[in-house]
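Need coordinates for the below:
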Amino acid sequence: MGRCEADAILPSDLRARLAEWGEAVGAAEQADILVTGWGSAPLTANLLARTPRARVVLHAAGSVKWLVTDAVWERGIVVSSAADANAGPVADYALAAITFAAKRAVATASAYASGAVWPGFTEREGGDGRTVGVIGASRIGRRVLERLITAGTGCRVLLYDPYVSAVEAARLGVEAVSLEELCGSSSVITLHAPEVPETRHMMDARRLALIPDGGTVVNTARGSLIDTEALVRECASGRLDAFLDVTEPEPLPAGHPLFSLPNVLVTPHIAGAQGSEVRRLGKWVVEETERWVRGLPLSGRVRREDLCRLA
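Numbering: from 1, shown residues only. Have a look, this model is predicted:
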């Protein structure tokens, strides 16, 4: 990975702990364990030809879809991802966006900056009694569900995930519904589904139109899940608000209408580990290395057959 990323993920104290389990080498030809992250190159056959000893890839970030090629699996190299370590910050970000959405914080802040007076108590304020729809019971989606339920928000929580049964949803403490029912019943919708052909533009013009007036869409998953043009129309009309940490395209071109709408907040894919949170990824690398050296099961093991369902 890039030197800046490596220094943030593995500061000196974590590198010292890592050294307890093996020697850090500068030449890829000598490496048994490859540590990758943001800024890494895809692991193509040509690149792997330079790493004849590599037996495992520890990815100090989330998705490995762009990183792992067929050559990795053909070589029998084991892949593990720090997606679980990165999931907590994303879930926290999503919960914060849901909280802001209930208070319509972005639109109110914009109006306030334009000279509007504080409107006092409004029907939109607070989370009690509101319905939040969660799309996708992924590792992040499940953390959001848990936070919504345990935080005492007073929200009714709906879940759409075609792989989760009504029985499992009940165990999670939520109601399993169709995507259409979720859209039509939720004042806040938060997306946590993977980027696969079946999910492209799952929030299209028709489904966005089902969301009640004054609703909010929160996306910390992948930009392709939402039809951007349809969302622009809904937000420009003032009918819907949006918190978008991911977009399609990403990044948005300068001057894109989403940047100037007073009821939309666009952030540059920062929901995952940032600042001091990045240390979690390095800690995971150290602990995953220990597990590998000791012959223990890896906590973030990714198998080839899993990729079709992962972000």
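
you'd agree Leu258 is up against Val266?
Yes: applying C-beta atoms under 8 Å, one finds Leu258 in contact with Val266, separated by 5.4 Å. The C-beta positions use only the backbone N, C-alpha and C, and glycine is treated the same way.

Mind listing the shared neighbours of these two?
Residues touching both Leu258 and Val266 (C-beta atoms under 8 Å, 6 or more residues apart in numbering) are 244, 247, 252.

Please enumerate the helices of the stretch 1-150 of the chain.
Counting by DSSP state H, counting those that start in this stretch, the stretch 1-150 of the chain has these helices, from start to end: 3-9, 12-19, 45-48, 70-74, 83-102, 105-113, 139-150.

Buried residues in the shortest one, which are they?
Residues 47-48 are the ones in helix 45-48 that count as buried (16 or more other C-beta atoms under 10 Å).

Please enumerate residues in contact with that helix?
If you take C-beta under 8 Å, 6+ apart as the criterion, helix 45-48 is touched by 41, 54, 69, 71-72, 75, 77.

quick check, nearest of the residues you listed to Ala111?
Ala41 (46.4 Å; C-beta to C-beta).

Kindly list the main-chain dihedrals of that closest one?
Phi and psi for Ala41, reported as degrees, to the nearest 10, are phi -90, psi 150.

Cys183 against Asp204, yeah?
No: using C-beta under 8 Å, Cys183 makes no contact with Asp204, being 10.3 Å away.

Comparing these two, which residue is more hemmed in?
Cys183 (24 against 15; other C-beta atoms under 10 Å).

so where does that one fall, helix or strand?
helix 179-185 (DSSP states H and E).

Give the other helices and strands that whatever helix or strand comes next after that helix contacts.
Next in sequence after helix 179-185, counting helices and strands by DSSP H and E, comes strand 188-191. Counting contacts by 3 or more C-beta pairs under 8 Å, 6 or more residues apart in numbering; DSSP states H and E, strand 188-191 packs against helix 83-102, strand 131-135, strand 216-219.

for the last one, packing partners?
Going back to what we said before, that points to strand 216-219. helix 83-102, strand 188-191, strand 241-244.

one more time with 10 Å
helix 83-102, helix 105-113, strand 131-135, strand 188-191, helix 228-236, strand 241-244, strand 264-266 (3 or more C-beta pairs under 10 Å, 6 or more residues apart in numbering; DSSP states H and E).

Of these, flag the one that's most buried.
Most buried of these, by mean neighbour count (mean count of other C-beta atoms under 10 Å): strand 188-191, with a mean of 28.

If we go by neighbour counts, what in the helix or strand following that one is buried?
Once strand 188-191 ends, the next helix or strand along the chain (criterion: DSSP H and E) is helix 205-210. By 16+ other C-beta under 10 Å, the buried positions in helix 205-210 come out as 207-208, 210.

Quick one: these as TSV, columns for distance to Tyr160 and pLDDT too.
Converted to TSV, the buried residues of helix 205-210 look like this (distance: C-beta to C-beta, whole Å; pLDDT from 0 to 100):
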residue	distance to Tyr160	pLDDT
Arg207	10	98
Leu208	15	98
Leu210	12	98
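
Closest to Arg233 out of those residues?
When the buried residues of helix 205-210 are ranked by distance to Arg233 (C-beta to C-beta), Leu208 comes first, at 8.4 Å.

which ones are touching that closest one?
When contacts are counted by C-beta atoms under 10 Å, 6 or more residues apart in numbering, Leu208 touches 183, 189, 215, 217, 226-227, 230-231, 233-235, 239-240, 242.

For those, work out which two are farthest apart.
Pairwise over the contacts of Leu208, using C-beta to C-beta, the maximum falls at Ile189 and Arg233, 16.6 Å.

still on that earlier bit, select, out of the helices of the stretch 1-150 of the chain, the one closest to Ala27.
Among the helices of the stretch 1-150 of the chain, if distance is taken as C-beta to C-beta, the winner is helix 45-48, at 13.4 Å.

chain center to that closest one, what's the gap?
Here helix 45-48 shows a centroid-to-chain-centroid distance of 29 Å under the convention C-alpha atoms, centre = their mean, to the nearest Å.

go on, stretch 28-35?
Using C-alpha atoms, centre = their mean, the offset of stretch 28-35 from its chain centre is 28 Å.

what's next to it, contact-wise?
Against stretch 28-35 from outside (C-beta under 10 Å, 6+ apart): 1, 6, 9-10, 18, 21-25, 40, 43, 47-60, 72, 77-79, 281-282, 285, 288-289, 292-293.

Now do it: distance from first to last residue.
End-to-end span of stretch 28-35 (C-alpha to C-alpha, to the nearest Å): 11 Å.

try stretch 146-161
With C-alpha to C-alpha applied, stretch 146-161 spans 16 Å between its terminal residues.

and that stretch, how far from the chain's centre?
18 Å.
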